[in-house]
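>>> coords please:
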Amino acid sequence: MKNIISKNIPRHLAIILDGNRRWARAHNLPTFEGHRQGFANIKTIATHAFDQGIEVMTVFAFSTENWKRSQEEVSYLMKLFKMVASKEFKFLTENNIKLQIAGDISAFDQELQKNLEKVLEETKNNSAGVFNVCLNYGGRQEIVRAVKNIIKSGLKPEEINEELIAKNLYTANLPNPDLIIRTSGEQRLSGFLTWQSVYSELYFVEKNWPDFSPSDLDEVLAVYAQRQRRFGGN
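All right, here's what the predicted structure looks like:
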């Protein structure tokens, strides 16, 4: 049952899941435990977000820059992705939520690709909302990919416009994010939805991601409900 806290809620909520490693250090725990707690929190917050009436939720789970981390950490993240794809995504089916992925998953091993493709197939007809996960994603990389696709189509320069570029992005079927939250106190987007975020409302939270709770989300949504979005108007 939905428990909508405000009529003025974002249609599309996007979150940069930052602070897993900081959370682990603050609790004298291994980095891996921070990532594990962070992934567990995705399900908690996503469930609450959809209960509030949000239609699309996008999370930044793994960027193109994250490959630069230690091999041990990257390997653990890949194991987490496999576990989540094979077990934890069933909450999407239970709640009629469709999974979508933004990013180049061809860089992942075959097992992970198959796990993700299975969930994509199983949830493709779900209609209560969209859970969009950015995996091996970079905002500039996405725009370059879109431009390459347009060039391959053979269109003339004068035929290229903003609408055409938007149609060639990973998020072509989604509305632009109304609200972007970043946890852990950092105040930048770091390549997250570079094209789509130009008129998004931004909210930066001091808490690390594993500590971000449903009540914290409610507080952010309450602030969002008071903002006036003019999209360049007066």
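>>> grab the most central residue of the chain for me.
Nearest to the centroid of the C-alpha atoms of the chain, with distances taken as CA atoms, centre = their mean, sits Val59, at 1.7 Å.
>>> quick one: contacts of the longest helix seen in the chain?
Among all segments of the chain classified by DSSP state H, the helix with the greatest residue count is helix 31-51. Here helix 31-51 makes contact (CB atoms under 8 Å, 6 or more residues apart in numbering) with 1-3, 13, 15, 17, 19-25, 27, 57, 59, 61, 73, 76-77, 80, 84, 88, 91, 95, 97, 128-129, 131, 208-210, 212-214, 217. Where C-beta positions appear, they are placed from N, C-alpha and C, glycine not excepted.
>>> coming back round to it: check which helix or strand the residue nearest to the centre of the chain maps to.
Using DSSP states H and E, Val59 sits in strand 56-63.
>>> just name the shakiest helix or strand of the protein by mean pLDDT.
Within the chain, confidence by mean pLDDT, DSSP states H and E is lowest for helix 90-94 among all helices and strands, at a mean of 89.
>>> go through it and flag the buried ones.
For helix 90-94, burial by neighbour count (16 or more other CB atoms under 10 Å) applies to Leu92.
>>> quick one: list the elements packing against that helix.
Other elements packing on helix 90-94 under the criterion 3 or more CB pairs under 8 Å, 6 or more residues apart in numbering; DSSP states H and E are helix 31-51, strand 97-102, helix 110-123.
>>> redo that, cut-off 7 Å
Based on contacts counted as 3 or more CB pairs under 7 Å, 6 or more residues apart in numbering; DSSP states H and E, the elements that helix 90-94 packs against are helix 110-123.
>>> quick one, the helix or strand that the helix it packs on is followed by and helix 110-123 angle?
Once the chain leaves helix 110-123, the next helix or strand it forms, by DSSP H and E, is strand 129-137. Counting by axes from the mean of the first three to the mean of the last three CA atoms, to 10 degrees, strand 129-137 points 160 degrees away from the direction of helix 110-123.
>>> how far out from the middle of the chain is strand 129-137?
Here the centre of strand 129-137 is set off from its chain's centre by 5 Å, with CA atoms, centre = their mean, to the nearest Å.
>>> same question, stretch 161-169
When C-alpha coordinates are averaged (CA atoms, centre = their mean), stretch 161-169 and its chain have centres 20 Å apart.
>>> same deal with stretch 90-98?
Between the centre of stretch 90-98 and the centre of its chain there are 16 Å (CA atoms, centre = their mean).
>>> so what would you say the end-to-end distance of it is?
The straight-line separation of the ends of stretch 90-98 (CA to CA, to the nearest Å) is 11 Å.
>>> which residues are contacting that stretch?
Among residues not part of stretch 90-98, those counted as contacts by CB atoms under 7 Å, 6 or more residues apart in numbering are 43, 47, 50, 99, 122-124, 126-131.
>>> ditto for stretch 128-144
Outside stretch 128-144, the residues touching it (CB under 7 Å, 6+ apart) are 46, 50, 55-65, 92, 95-105, 107, 169-171, 174, 191-195.
>>> for ChimeraX, what selects the buried ones among the contacts of helix 31-51?
Once 16+ other CB under 10 Å is used to decide burial, the buried members of the contacts of helix 31-51 can be selected in ChimeraX as follows:
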select :13,15,17,19,20,21,22,23,24,57,59,61,76,77,80,84,97,129,131,208,209,210,212,217
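>>> among the contacts of stretch 90-98, which one has the most neighbours?
Highest neighbour count within the contacts of stretch 90-98: Phe131, with 25 neighbours (other CB atoms under 10 Å).
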